[in-house]
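Peer 1: below is the structure, and that's it, no one-letter string:
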């Protein structure tokens, strides 16, 4: 046997031997047990056991009825002397009828260890174990389950696990703190779902235990509850937290990480005293944390959105900087996600290290990993390098079939937030993934998805739109006002109007919102209704606009409006004038108009270029002219003789850059709104799209283009 194997064997033997020493239970011969080669009808005198592997166990024991208990100890010693399957068969064959529960448990755990591929031995030792099942104590239960955890495929033995669960339930009141923690931990490791009665009983034992749990036991119990998504009763958590207060100064890195990870999974907020002690421990021992510990600590803090002290955050950042090139992809994702959730602005040097490590492991990222990293970068407002974005985009395309509804929406939200846009092929695959999983879309996922399409000014494909509208009809009444506002804003920006059924449920959801309205949400909803009313003259659209205005146009809702809000509301008031609605809130409308006029954008270089050519054509050009009626700043007010129409006229010209169009060159909702408002107030309006202007590469081509375009406008006015 190799040295390492021998060391592992001795350590394992010692752990098994620990629960056998001192056991003096009387042997229980079970006539129903399976019989092997050498049945024993009486208690033999055990002086030496010769094993096939060459080893012996020598014992001195008088032959008498009182020797039975002593013999069980010697039998256990003989079992522990086994080094292979042949040894184990020899001992079991000779003494199986004398086995007590300790011997049966030892034989079974040795069978798992020594005969991984010999199912006949394992089956026989399991039979022996089952015969003693109702006499197993906490020590045997803990050791058997611990051995099963170390055995591949042990979770596929439901009959045995069910029997062990039943015995654990029967012995619950006798289980020590260590037994409880080991049993609960093993069930979680084996992914064994216990009956509700069993878990309730275990919880009651924890809560009523007269002795304190140590740090390792608490860590194991919390990990098990979290891994099984089992949220215990509050008195159980309070009891464990009470014991935690005693041990925080002795926590290892693993305990610290496991406890915070478990608290995060269970969504249990630590008390202020415990959280303060945990932060002290983070600062004190951060240099001893490994990558998994750091990952669990940061993730747990982020999940609970804890207020973390600056010195603790800096300690974690320093440790990550030291370990980052050892981080697997999950640790990268968890730590970056945790910092993003905490809204922690990371040093540029640390972000650069993150990028380097992500580039190195990008081919190992899962679909969820890609979405988490992109979401975190976007939340931190950090735009990764072009090289890294290209690698992440390629990985997204490769893993698109793995993407969930949340993953798809997070990736697109990240692109929209960072002001980026994925390639058409990748975008189509992400949209297809979102459509496939639309039935699982939460309100957050759906709102983020539509918001991202609008922010990127990407045309919403028909199948994606259909799936979104079906989901809206099914779940709209559960939406918060923030999600409703984002969905309506997205539709309006994309120049779309919800179908009648969707418009009805969206309007009802907005008007029935019972909590306070956030100002930004309220103005986004009102602005969206403004665009809808201009885009389509449907009766239901006009009715929805009236209902929403009646609900939201109130001093209470509009209090605290910022400049952006006031500008949106000004467009609403202009639309109401255009539709013949009565004027409301005159003083407030005047304030909105003032903010709108003051927010006029500067002329772009392309716009100035157009003005220069117009002057060369002999026309009078007034740039950024404010419309007295609407308050809009018009790019160029042009008057003079127009050769293409052979007459004098006054025109209002807008140079519409890329931000005015979707990817299919359809105008955005805001562009449509401005054009409609200017035409309503009598402007002979001409739009010069950037893509038409860019196609003219010489001055002659540009003059010819403007002559024809302006001539058509004058003739058709």
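Peer 2: Great, that's in hand. Remember, predicted model here, so these are calculated numbers, not experimental data.

Peer 1: you'd agree residue 567 is up against residue 598?
Peer 2: No - in this structure residue 567 lies outside contact range of residue 598 using C-beta atoms under 8 Å: 9.2 Å. C-beta coordinates here come from the backbone N, C-alpha and C atoms, glycine included.

Peer 1: who has more neighbours, those two?
Peer 2: residue 567 (20 against 11; other C-beta atoms under 10 Å).

Peer 1: nearest residue to that one other than its sequence neighbours?
Peer 2: Nearest residue to residue 567 in three dimensions, chain neighbours excluded: residue 596, at 4.7 Å (C-beta to C-beta, 6 or more residues apart in numbering).

Peer 1: quick one: contacts for that neighbour?
Peer 2: 566-567, 570-571, 631 (C-beta atoms under 8 Å, 6 or more residues apart in numbering).

Peer 1: now the buried members of the residues you listed.
Peer 2: 566-567, 570-571, 631 (16 or more other C-beta atoms under 10 Å).

Peer 1: what is the burial count for residue 117?
Peer 2: 7.

Peer 1: residue 516 now?
Peer 2: 10.

Peer 1: what about it, distance to residue 661?
Peer 2: As judged by C-beta to C-beta, to the nearest Å, residue 516 and residue 661 stand 36 Å apart.

Peer 1: ditto for residue 130
Peer 2: Residue 130 is 74 Å from residue 661, by C-beta to C-beta.

Peer 1: swap in residue 515?
Peer 2: From residue 515 to residue 661 the distance is 37 Å (C-beta to C-beta).

Peer 1: which residue of those two possesses the greater neighbour count?
Peer 2: Taking neighbours as other C-beta under 10 Å, residue 515 and residue 661 compare with residue 661 leading, 18 against 7.

Peer 1: for the more buried one, give me its contacts.
Peer 2: 457, 667-668, 671, 689-691.

Peer 1: do residue 478 as well
Peer 2: Taking C-beta under 8 Å, 6+ apart, one finds residue 443 in contact with residue 478.

Peer 1: and it, how far from residue 513?
Peer 2: From residue 478 to residue 513 the distance is 12 Å (C-beta to C-beta).

Peer 1: what ranges do the strands span in the stretch 551-700 of the chain?
Peer 2: Taking DSSP state E, counting those that start in this stretch as the test, the strands found in the stretch 551-700 of the chain are 620-626, 633-642, 647-656, 685-689.

Peer 1: present these as a markdown table; the columns should include mean pLDDT and mean neighbour count.
Peer 2: Formatted as a markdown table, the strands of the stretch 551-700 of the chain follow (pLDDT from 0 to 100; neighbours: other C-beta atoms under 10 Å):
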| stretch | mean pLDDT | mean neighbour count |
| --- | --- | --- |
| strand 620-626 | 93 | 14 |
| strand 633-642 | 92 | 20 |
| strand 647-656 | 92 | 19 |
| strand 685-689 | 94 | 19 |
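
Peer 1: want to throw these into a markdown table with distance to residue 355?
Peer 2: Shown next, in a markdown table, are the strands of the stretch 551-700 of the chain (distance: least, C-beta to C-beta, whole Å):
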| stretch | distance to residue 355 |
| --- | --- |
| strand 620-626 | 42 |
| strand 633-642 | 40 |
| strand 647-656 | 36 |
| strand 685-689 | 37 |
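
Peer 1: ok, which of the ones you listed comes nearest residue 103?
Peer 2: Judged by C-beta to C-beta, the one of these that comes nearest to residue 103 is strand 647-656, at 87.2 Å.

Peer 1: which neighbours does the closest one have in its sheet, and in what orientation?
Peer 2: If you go by DSSP bridges, strand 647-656 pairs up with strand 633-642 (antiparallel), strand 685-689 (parallel).

Peer 1: out of the ones you listed, nearest to residue 276?
Peer 2: strand 633-642 (55.4 Å).

Peer 1: for that closest one, give me every contacting residue.
Peer 2: By C-beta under 8 Å, 6+ apart, strand 633-642 touches 597, 600-601, 603, 607, 610-611, 614, 618-627, 647-655, 678, 683, 707, 710-711, 714.

Peer 1: do you know how far the nearest residue to residue 595 once chain neighbours are set aside is from residue 590?
Peer 2: Distances taken as C-beta to C-beta, 6+ apart put residue 566 closest to residue 595, at 3.8 Å, once the chain neighbours are dropped. Residue 566 sits 10 Å away from residue 590, going by C-beta to C-beta.

Peer 1: and if you look at residue 309?
Peer 2: According to C-beta to C-beta, residue 309 stands 49 Å off from residue 590.

Peer 1: in helices, which of the contacts of residue 596 fall?
Peer 2: Judged by DSSP state H, helices contain the following of these: 566-567, 570-571.

Peer 1: quick revisit: mind checking which of the strands of the stretch 551-700 of the chain is nearest residue 416?
Peer 2: So among the strands of the stretch 551-700 of the chain, strand 647-656 is nearest, using C-beta to C-beta, at 21.0 Å.

Peer 1: other residues contacting the closest one?
Peer 2: 604, 606-607, 610, 614, 625, 627, 634-642, 667, 671, 674-675, 678, 683-690, 693, 710, 713-714, 717.

Peer 1: next one: stretch 221-234
Peer 2: Contacts for stretch 221-234 (C-beta under 8 Å, 6+ apart): 180-181, 184-185, 187-189, 193, 199, 203, 206-207, 213, 240, 258-259, 261-267.

Peer 1: okay but residue 101 is in contact with residue 131, surely?
Peer 2: No - Residue 101 lies out of contact with residue 131 (C-beta under 8 Å); the separation is 9.4 Å.

Peer 1: which one of these two has more residues nearby?
Peer 2: residue 101 (23 against 20).

Peer 1: roughly how far apart are that one and residue 139?
Peer 2: 10 Å.

Peer 1: next one: residue 458
Peer 2: 63 Å.

Peer 1: sort out for me which of the contacts of stretch 221-234 are in helices.
Peer 2: Among these, the members falling in helices (DSSP H) are 180-181, 184-185, 187-189, 199, 203, 206-207, 240, 258-259, 261-266.
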